[in-house]
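J.: with the sequence up front, the predicted model follows.
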Amino acid sequence: MTRPRCCRSTYVTEDIKNYSVPHNKRYKSQGATDWLEVTRTEEMVSRIVKRSAFVLFLWVTSVLVLVNVRCFTQSIRSHQPGSRGLLLNLPNTLDPADGSSILLQLSPNIDSSQVNVEHAMYTEIEEKLPSLPLAYLSKNSKMFNVFQKNESCAKFPSLYDIEFNNIYWQSLSTSNGTFYLYSAYYDIRKMSKIGPAVRILAMINRIEPTIKTHCQFWFENKKEPVIVKVMEYKYIWYKKWGNYKQGIFQPYLIGCQIPEPYHSKVPLSVSIVEKVCDNATNNLRVIYNKPPKKGGFAVCVKGLDFQYTDLSVRMVEWIELLGLLGAEKIFFYELQVHQNISKVLKYYQKRGKIDARQIKNESWATYNVRNVYFLDDLINSHGWFKDIPQYMHMLQHVYRSTNYTKPEMNVKCFYNPERALILHNHFPFACLGSACTTYPIETSDAQLQHYRADCVKTLKNSCTEFRQNSILDTTIWKFKDSLVSRTTEALLSLGFFPSLSNEIEILSKNDFVA
């Protein structure tokens with residue numbers, strides 16, 4: 001039989017509190033008191049719950065009323081005549097009471113300088129297309145119309161008339177061959193027999209071209225072009241080196257003599273045409289970058305084509321060494337290179353040490369330096385030098401072949417730009433004034449240190465002898481401390497030591513604080 005609720009409550013309470021008391025009298029006397037205490041507790045809890053529910057109801061009601069009032073106000077605003085209400089529906093985020101209105105007084109620091117947009121655009125294009133005379137034409141836009149309306153049969157080519165093979169080459173199709181034109185240069189060197197001239201670097205798919213062509217010179221403030229016959233095609237290669245076939249593009253230096261009445265003027269641009277009155281499909285800016293003062297010496301590097309080989313660290317070491325040796329500028333032609341090599345070139349280009357695209361002595365056109373090999377595997381005979389970082393390739397490779405290559409074989413030269421006209425990677429092809437002359441520097445004074453994994457193909461037979469006869473040559477170590485310091489600093493700046501960058505930055509800050 002089920003007990004009444006009060007009894008159950010009394011029983012449970014008594015059981016919990018007095019489970020150890022055996023006396024029946026005490027059990028009965030305390031039962032009523034416990035029942036009253038439980039009842040009062042339940043009443044108090046009930047009152048608290050009711051009050052809380054009432055307060056919650058009032059709060060929710062207030063919130064709903066406020067929301068409805070705001071929506072009603074915005075609805076009235078959105079229906080004002082002549083107002084679309086798009087901005088009025090946005091919440092007001094600027095309350096003058098909290099000081100946010102100060103935002104209305106702020107003025108962003110933007111570049112408000114006046115810029116000739118057209119000129120800036122032309123300048124940027126000319127940097128990417130250096131053969132075009134766009135920057136000049138943007139300053140003198142009226143001159144274009146003047147050139148177009150001249151009374152001669154030749155018209156100044158517009159940008160849409162020019163035929164591009166790619167961003168570097170402009171083309172000319174003739175009745176006997178195709179010309180690809182790279183760039184044009186103003187030449188007034190004293191040793192030149194033809195006097196002031198414009199020389200054009202070109203490729204022609206003909207051997208010993210016989211086609212007669214003309215140069216159209218365009219001068220500033222002159223309507224009509226000055227037209228002359230092309231004077232010469234100088235071949236920039238040797239037949240025995242191959243590629244000497246009709247129909248294959250051959251390198252040439254095209255020469256156009258400037259008429260005597262215009263010797264004191266530099267042409268604005270030049271076009272090559274087959275016939276005098278042909279409409280030109282090319283227009284090259286004539287480059288004349290004469291420095292205010294002639295420098296000491298620069299280094300010209302043949303086209304870089306290390307697409308899959310990361311030689312970036314070795315290149316940093318080499319560039320820094322050339323700087324220590326006194327080179328004022330290094331000229332590169334970047335063909336296809338690894339992304340890290342490109343990163344290095346941009347780094348030094350920003351610092352003005354290189355140009356990445358691209359001592360006067362009357363008796364000699366060049367001074368050639370004998371070649372000697374520092375082969376990579378010669379390091380196996382002695383191991384690494386512990387006081388030199390292993391990433392310093394040239395400083396680590398100080399064992400070379402005892403014997404030099406034969407005179408005039410694989411030499412490198414210092415060129416005199418007043419004499420040399422056409423250059424190869426190793427020696428000059430043509431010179432001004434007379435035949436090219438060269439002076440072999442004694443090996444006791446200078447040597448060309450050639451760092452390679454193996455000999456060139458033409459010296460395969462001699463390579464075994466070079467390897468078997470080697471000596472220690474630490475000439476380069478005279479630059480060791482400066483070269484290690486400069487190379488490491490550059491590599492850190494380029495991010496080639498990510499694990500050390502933070503540590504060195506902390507050390508630098510600590511040194512600064514100290």
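T.: The structure has been received and is ready for your questions.
J.: can you classify the closest residue to residue 327 other than its chain neighbours by secondary structure?
T.: Of all residues not flanking residue 327 in the chain, residue 299 sits nearest, at 4.9 Å (Cβ to Cβ, 6 or more residues apart in numbering). Placement of C-beta: from N, CA and C, glycine included. State at residue 299, reduced to three classes by DSSP: H, G, I helix; E, B strand; the rest coil: strand.
J.: quick one: low-confidence ranges for the stretch 101-250 of the chain?
T.: Residues of the stretch 101-250 of the chain that meet the criterion pLDDT under 70 lie in 101-112, 115, 118, 135-151.
J.: show me where it has strands.
T.: Assigned by DSSP state E, counting those that start in this stretch, the strands in the stretch 101-250 of the chain fall at 170-174, 177-187, 197-204, 214-218, 226-229, 232-235, 250-257.
J.: alpha carbons of the fourth one, as PDB, please.
T.: What follows is the C-alpha trace of strand 214-218 in PDB, where atoms were taken according to Å, rounded to 0.1, in the frame of the first residue of the first chain:
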ATOM      1  CA  HIS A 214      67.700  52.500 -96.400                       C
ATOM      2  CA  CYS A 215      67.700  54.200 -93.100                       C
ATOM      3  CA  GLN A 216      65.000  56.800 -92.400                       C
ATOM      4  CA  PHE A 217      66.400  59.200 -89.700                       C
ATOM      5  CA  TRP A 218      63.800  61.200 -87.700                       C
END
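J.: so what's the residue nearest to residue 327 up against?
T.: Shown in contact with residue 299 (Cβ atoms under 8 Å, 6 or more residues apart in numbering): 322, 327, 329-331.
J.: and those, which of them are buried?
T.: In those, burial by neighbour count holds for 322, 327, 329-330, counting by 16 or more other Cβ atoms under 10 Å.
J.: among those, which are in strands?
T.: Among the buried ones among the contacts of residue 299, the residues falling in strands (DSSP state E) are 329-330.
J.: pipe the buried ones among the contacts of residue 299 into JSON lines and attach pLDDT and distance to residue 390 per row.
T.: Below are those laid out as JSON lines (pLDDT from 0 to 100; distance: Cβ to Cβ, whole Å):
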{"residue": "322", "pLDDT": "94", "distance to residue 390": "22"}
{"residue": "327", "pLDDT": "93", "distance to residue 390": "26"}
{"residue": "329", "pLDDT": "94", "distance to residue 390": "30"}
{"residue": "330", "pLDDT": "95", "distance to residue 390": "25"}
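J.: which of the buried ones among the contacts of residue 299 sits closest to residue 472?
T.: Of all the buried ones among the contacts of residue 299, residue 472 sits closest to residue 322, with 23.4 Å by Cβ to Cβ.
J.: hang on, the earlier thing: can the strands of the stretch 101-250 of the chain go into a markdown table with extra columns for mean neighbour count and distance to residue 269?
T.: Below are these laid out as a markdown table (neighbours: other Cβ atoms under 10 Å; distance: least, Cβ to Cβ, whole Å):
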| stretch | mean neighbour count | distance to residue 269 |
| --- | --- | --- |
| strand 170-174 | 18 | 11 |
| strand 177-187 | 20 | 8 |
| strand 197-204 | 22 | 10 |
| strand 214-218 | 24 | 5 |
| strand 226-229 | 17 | 12 |
| strand 232-235 | 16 | 20 |
| strand 250-257 | 20 | 12 |
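J.: can you redo the ones you listed as TSV with distance to residue 472?
T.: Shown next, in TSV, are those (distance: least, Cβ to Cβ, whole Å):
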stretch	distance to residue 472
strand 170-174	53
strand 177-187	45
strand 197-204	44
strand 214-218	57
strand 226-229	60
strand 232-235	44
strand 250-257	42
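J.: residue 154 is nearest to which of the ones you listed?
T.: Set against residue 154 and scored by Cβ to Cβ, those come closest in strand 214-218, at 5.5 Å.
J.: strand partners of the closest one, parallel vs antiparallel please.
T.: Strand 214-218 sits in its sheet next to strand 226-229 (antiparallel), strand 269-273 (antiparallel), going by DSSP bridges.
J.: now it against strand 177-187, angle please.
T.: 40 degrees (axes from the mean of the first three to the mean of the last three Cα atoms, to 10 degrees).
J.: what's around residue 259, how many residues?
T.: Other residues near residue 259 come to 12 when the count uses other Cβ atoms under 10 Å.
J.: enumerate every residue touching residue 277.
T.: Counting by Cβ under 8 Å, 6+ apart, residue 277 makes contact with 153-154.
J.: surely it is in a helix?
T.: No. Counting by three-state DSSP, residue 277 falls outside a helix, being coil.
J.: pLDDT score for it?
T.: Model confidence at residue 277, given as pLDDT, is 88.
J.: thinking again about what came up before, among the strands paired with strand 214-218, which is nearest residue 180?
T.: Closest of the strands paired with strand 214-218 to residue 180 is strand 269-273, at 10.9 Å (criterion: Cβ to Cβ).
J.: quick one: which two of the buried ones among the contacts of residue 299 are the most distant?
T.: Of all pairs drawn from these, the one with the longest distance (Cβ to Cβ) is 322 and 329, at 9.7 Å.
J.: circling back to that earlier point, between the buried ones among the contacts of residue 299, which sits nearest residue 307?
T.: Of all the buried ones among the contacts of residue 299, residue 307 sits closest to residue 330, with 20.4 Å by Cβ to Cβ.
J.: now that closest one: how far from residue 169?
T.: Noted for residue 330: a distance of 25 Å to residue 169, by Cβ to Cβ, to the nearest Å.
J.: ditto for residue 152
T.: 27 Å.
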